[in-house]
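Chemist: kindly return the folded structure for what I paste below:
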Amino acid sequence: MSELDLPQIAESQALAYVTSNDADAKLESALCDEIADHDPSAGDVTLSDAEFRTAWHHVIGGTPAGAFNFIIPTVKRPFMITNGSGETATVKTASGAAGQVLDGETRLFYCDGLDVLGLSDTTSEGGGGGGHAGALVKLTANQTIANSTNVVLSWGGETYDTDAYHDNSTNNSRLTVPSGVSKVIVSGQARWDSNTSGTREILVWKNGSSAYEGRPFQHMGAQTYLTMQSFVSPVLAVSPGDYFEMVAWQDSGGSINIESNVATWFSIQAME
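Modeler: Okay, here's the model as predicted:
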């Protein structure tokens, strides 16, 4: 059986043109047809083998309550997804690597029989003139920063993650560079609890170290109300597997929190 389940002409088959016509029709469907009514309102969407084989373009709508999985069979083929659901779709097989489609995006993918590989095409206006790739992560609870101690922040939630830069469970402090990326920009922001004593710092470690060219760093005295800090790195040269962590430090004399808030976040953007 072929990946697209096309009928095969047997040796010395009578009326072979009938089988050939059937195969041509299936191939045309696989290259040209779309399924325009995928609805994740009730949860994840799982495609059947037949749905995946017979349509090139999959359109997602509905009103999901949050981000969801769009699960495809382990069939080798290219395909395209348009996401109009209002939420982020993670495109994956049952056990392989995944890609993501943000709301309003159209992305091309290839399934290699296990993993979903993202191509560069998109309708959104990403950085560098191509499709946007990167991740934006957030705290899911306040994080306590002990006095005069470097504390690595743990990001339990994702606003988006296009190419598995982040894992909410395993090493969730890290934004890790995937294959095919050679330059990135890293940025972040922290909202501290109200406390007027001492100073505040946020910085970024690369592979567990602060010793690299272009390291972002922000130091300031505590403010009368909430202390806010942010940074943006220059374009940084990277290799696949490099990872970045956001680190906080303070010397108020006691422990204080960085708040779980829309104003506290960490981001990585691929430039090349």
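Chemist: just give the nearest non-adjacent residue to Ser48, would you?
Modeler: Counting by CB to CB, 6 or more residues apart in numbering, Ser48 lies nearest to Pro73, which is 7.4 Å off, once chain neighbours are set aside. Where you see a C-beta, it was placed from the backbone N, CA and C, and this is true even at glycine.
Chemist: I meant to write Ser260 there.
Modeler: Closest to Ser260 by CB to CB, 6+ apart is Leu139, at 4.0 Å.
Chemist: which intervals of the stretch 101-250 of the chain have sub-threshold pLDDT?
Modeler: 119-131 (pLDDT under 70).
Chemist: can we see that at 50?
Modeler: Residue ranges of the stretch 101-250 of the chain with pLDDT under 50: 121-130.
Chemist: before we move on, the earlier item: wait, the residue nearest to Ser260 touches Gly157, no?
Modeler: Yes: using CB atoms under 8 Å, Leu139 is in contact with Gly157, at 7.3 Å.
Chemist: one step back: residue contacts, the residue nearest to Ser48?
Modeler: Residues in contact with Pro73, defined by CB atoms under 8 Å, 6 or more residues apart in numbering, are Leu47, Ser48, Asp49, Phe52, Thr93.
Chemist: quick one: the third one and Ala42, what's the gap?
Modeler: Put plainly, it is Asp49. Computed with CB to CB, to the nearest Å, the distance linking Asp49 and Ala42 is 21 Å.
Chemist: cool, and the fourth one?
Modeler: Using CB to CB, one gets 20 Å for the distance from Phe52 to Ala42.
Chemist: those two - which one has more neighbours?
Modeler: The neighbour count for Phe52 versus Ala42, taken as other CB atoms under 10 Å, is higher for Phe52 (21 against 10).
Chemist: what helices or strands is the helix or strand harbouring that one leaning on?
Modeler: Assigned by DSSP states H and E, Phe52 belongs to helix 49-54. The contact analysis (3 or more CB pairs under 8 Å, 6 or more residues apart in numbering; DSSP states H and E) places helix 49-54 against helix 16-32, strand 77-83.
Chemist: again, 10 Å this time
Modeler: Applying 3 or more CB pairs under 10 Å, 6 or more residues apart in numbering; DSSP states H and E, one finds that helix 49-54 contacts helix 16-32, strand 34-38, strand 77-83.
Chemist: now do the buried residues in that helix.
Modeler: Phe52, Arg53 (16 or more other CB atoms under 10 Å).
Chemist: so how many other residues sit close to the nearest residue to Tyr212 once chain neighbours are set aside?
Modeler: Spatial nearest neighbour of Tyr212, chain neighbours left out: Lys206 (4.7 Å); criterion: CB to CB, 6+ apart. When neighbours are defined as other CB under 10 Å, Lys206 has 20 of them.
Chemist: and Asn147, how many neighbours?
Modeler: Other residues close to Asn147 by other CB under 10 Å number 14.
Chemist: ok, which stretches of the stretch 151-272 of the chain are helices?
Modeler: With DSSP state H, counting those that start in this stretch, there are no helices along the stretch 151-272 of the chain.
Chemist: before we move on, the earlier item: what do Leu139 and Gly157 both touch?
Modeler: Listed as contacting both Leu139 and Gly157 by CB atoms under 10 Å, 6 or more residues apart in numbering are Ser260, Trp265.
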